[in-house]
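In: Pasted the sequence and its predicted model underneath.
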Amino acid sequence: MIRFVLADLRRLWAGSLVVILLVALATALGIAVTLQERALRLGSARAADKFDLVVGAAGSETQLVLSAVFLQAAPLPLVPGKVLHDLSADPRVTWAAPVGFGDSFRGFPIIGTTVTLIAGAGGGIAEGKAFDALDQAVVGSAVPLAIGQQAKPMHGMPGEGGHVHEGLTYHVVGRMAPTGTPWDRAILVPIEAVWKLHGMEEAEDHDHHDADHDEADRADHHDDEAAPVALGGPWSDTTPGVPAILVKPKTIADAYKLRGDYRSGSTLAVFPGEVLTRLYATLGDAKAVLNWVAIGAQLLVAAAIALVTIVHVSQRRRQIGALRAFGAPRLAVFGIVWIELFLLVGIGILAGFGLGYGAARIMSALFTRENGVVLPVEFTLGDVRLGLVLMAVSALLAALPAWLAYREPPAAALRS
Amino acid sequence: MALLGLRIANVSVSFTGLPVPVLSLPALEIAPGERVAVTGPSGSGKSTLVNVITGLERPSSGMVLWGEIDIARLPEGKRDRWRAENIGLVMQDFHLFAGLSALDNVLLPVRLRMKGAARFAERAHALMNRVGLSRHDQPVATMSRGEMQRVAVARALLRQPGVVIADEPTASLDPESGAAVAELLLELAVEEGTTLLVVSHDERLVARMDRRIRLSAGRVAVDPNVEAAP
């Protein structure tokens, strides 16, 4: 029977292929939406995992998290340096690190911060060393710069036009281990360098002479012993403002207290997880819409297949009649029609799962290249169950034309 | 399989919407081993007769006795099995299945019955040689029409049926191939010991049969056995 079915499918290979493709595409659409949405949720949650508390100036919570955690550049209002000072001195805080944006290099964001974040946000030093001078940089694992290479900061957010800062060239001294977060695409530099480039240096700190000397020096030749500034604090009241401060509280209770303390007045403190949960709700709505689109497409395909099946079976009435006339049992006729259809639809569904998975993987890879966030595309038990349900439904649907063939009187079928 | 004789009594086939039955046979007998031709214009009930005596169609009333079995009373599944075991069918359109080889076509009905089909393989090869086919694994799609009908003849004889029924076996063949197939049918009916009933317009084939029945408007118009009787 299988041999007959295969011979039949080979004979009608073009039509069979179209049916398989239709089913596969419809299935893939639904699978890709499900997988991609899940990957986005998992990936963003993992990327935000390391960041317990983000403090910024009063404004949009979502924007603060997107900028500080996902490095989606946007002009943020600055929090005064005093806040950084206070947080660093707070006994409830393990560490507090500033995050300063504004520059980029070939589309990779340059983040001004302290060495704390190399391990606190990035994957820690994998190669080389941490920066200890104004003109040194540590790059994320996805940044195509080798140790010893230079990066001239371009003013402006990644993707925007802007001018090159002539004043300073960063020398890559270290590379971080990959984390699967946007920080893999970051170039970390001392926050002091960012302040200096943007003319925000502390009034009385480090003498200007030094800086001038620095710049003059840099213009002519490399000078690795330059930048005798103290990096990474201690901060003071006169410390310049920063767009965001990442805070690692000592305990969960401390985290809640800190959030309460810094939520009033001119500052804003958020748990990234909280903001993401809100974003997921929005994402969920979008997914629901996409799901309905996918279901619509699947219904259309189901209808098309039903039509094709009915036409197919009525065209095969003679063949079915002949099979019976030459002695095939009715059950064999049922089996042939059922196996043939179930095979087509089943292969289509399996191919659709593969296709949807592949599409989600490709989309995730593109997303990772753009944003650094690794989106884990994975099947869950629920997907397996969905696959089984789809298989069962198609088995039932295939039984309908098979039953029609079973019921067909052979004489009438032969006459047609 | 033993030779089978046919006895029909009061058979009538009516279709809803038609005032007169398409087939009405008060009595018809075919002796075991007899070679009978059925002729008649189209619409005379030849195909309906074939359907009724092969069990493809149940008559509205009457008895269709093959040997001791009234196939008109058998339920559908049993009729299918009886037909598979007792009747070899050859049709005008061959009804071979493209995509399968000649051998697979011959074996298809027994394979679909799934009763140790392997033991028929040897007989299938022998029959194919007998009907003059040497390339048993040739795809039927690449065969000439004459060769296709030979495959169909081999398929009809595979299970050593008691009766072979051929519906216009030569009508879609060129005269030469038709003559060869007609010759094969006549010879094999004797060799294999089967009753042979042929529906045909082919004068050369009809002329060589033992008995010629002519149907007209669903009734037997000419039957030498019946004319001799009264």
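Out: Yep, that arrived. Predicted, not measured: the structure shown is a model, and the values here were computed from it.

In: okay, CA-based contacts and neighbour counts for the rest of this
Out: Fine.

In: my guess is residue A:98 meets residue A:244, correct?
Out: Yes - between residue A:98 and residue A:244 there is a contact at 6.0 Å, judged by Cα atoms under 8 Å.

In: Look at the spatially most central residue of chain B and give its secondary structure.
Out: Closest to where the C-alpha atoms of chain B average out (Cα atoms, centre = their mean) is residue B:165, at 1.4 Å. Three-state assignment for residue B:165 (DSSP: H, G, I helix; E, B strand; the rest coil): strand.

In: neighbours around the closest residue to chain A within chain B, how many?
Out: With Cα to the nearest Cα, the shortest gap between chain B and chain A falls at residue B:84, namely 4.1 Å. Around residue B:84 there are 24 other residues, counting by other Cα atoms under 10 Å in any protein chain shown.

In: what do you get for the one 3 residues further on?
Out: Around residue B:87 there are 28 other residues, counting by other Cα under 10 Å.

In: Return the distance of it relative to residue B:181.
Out: Between residue B:87 and residue B:181 the distance is 18 Å, computed by Cα to Cα, to the nearest Å.

In: hang on, residue A:72 in a helix?
Out: No - counting by three-state DSSP, residue A:72 is not part of a helix but coil.

In: Next one, pLDDT for the residue of chain B closest to chain A please.
Out: We note a pLDDT of 91 for residue B:84 in this prediction.

In: do residue A:289 as well
Out: Residue A:289 carries a pLDDT score of 84 in this model.

In: And it, which helix or strand is it part of?
Out: Residue A:289 belongs to helix A:272-315 when assigned by DSSP states H and E.

In: Quickly check: that helix near chain B or not.
Out: No - for helix A:272-315, no contact with chain B is found by Cα under 8 Å from any Cα of the partner chain; the gap never falls below 14.1 Å.

In: How about residue A:193, nearest residue that isn't a chain neighbour?
Out: In this structure, residue A:193 finds its nearest non-sequential neighbour in residue A:134, 5.3 Å apart by Cα to Cα, 6 or more residues apart in numbering or on different chains.

In: for the top helix by length along chain B, which positions count as buried?
Out: Under DSSP state H, the helix in chain B containing the largest number of residues is helix B:175-192. For helix B:175-192, the neighbour count (16 or more other Cα atoms under 10 Å in any protein chain shown) marks B:177, B:178, B:179, B:181, B:182, B:184, B:185, B:186, B:188, B:189 as buried.

In: isn't the first one right up against residue B:146?
Out: Yes - if you go by Cα under 8 Å, residue B:177 and residue B:146 touch, sitting 5.1 Å apart.

In: What parts of chain B come near chain A?
Out: Taking Cα under 8 Å from any Cα as the contact definition, chain B meets chain A at B:51, B:56-57, B:77, B:80-81, B:83-85, B:88-89, B:95, B:98-100, B:109-113, B:156.

In: any chance of the buried residues of helix B:175-192 in CSV, plus pLDDT and distance to residue A:342?
Out: Converted to CSV, the buried residues of helix B:175-192 look like this (pLDDT from 0 to 100; distance: Cα to Cα, whole Å):
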residue, pLDDT, distance to residue A:342
B:177, 93, 41
B:178, 92, 41
B:179, 93, 45
B:181, 93, 40
B:182, 93, 42
B:184, 93, 42
B:185, 93, 41
B:186, 93, 44
B:188, 93, 42
B:189, 92, 42
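
In: Now for the residues you listed: which two are most distant?
Out: Distances among the buried residues of helix B:175-192 were taken as Cα to Cα; the most separated pair is B:177 and B:189, at 18.2 Å.

In: bridging residues for residue A:55?
Out: Beta bridges link residue A:55 to residue A:245, residue A:269, judged by DSSP bridges.

In: show me the contacts for it.
Out: Contacts here follow Cα atoms under 8 Å, 6 or more residues apart in numbering or on different chains; on that basis residue A:55 touches A:244, A:245, A:246, A:247, A:262, A:267, A:268, A:269, A:270.

In: Surely residue B:103 is within a helix?
Out: Yes - Residue B:103: assigned to a helix according to three-state DSSP.

In: give me the number of residues near the closest residue to it other than its chain neighbours?
Out: Distances taken as Cα to Cα, 6+ apart put residue B:136 closest to residue B:103, at 5.2 Å, once the chain neighbours are dropped. Residue B:136: 18 surrounding residues under other Cα under 10 Å.

In: How is residue B:136 assigned, secondary-structure-wise?
Out: coil.

In: looking at it, it is touching residue B:128, isn't it?
Out: Yes - counting by Cα under 8 Å, residue B:128 is a contact partner of residue B:136 at 7.2 Å.

In: Can you pull the poorly scored residue ranges out of chain B?
Out: For chain B, the stretches flagged by pLDDT under 70 are B:1-2, B:114-115, B:227-230.

In: Can you tell me the closest non-neighbouring residue to residue A:334?
Out: In space, residue A:334 comes closest to residue A:402 once its chain neighbours are excluded; the distance is 4.7 Å by Cα to Cα, 6+ apart.

In: Please name the residues that touch the one you found.
Out: Counting by Cα under 8 Å, 6+ apart, residue A:402 makes contact with A:333, A:334, A:335, A:336, A:337, A:338.
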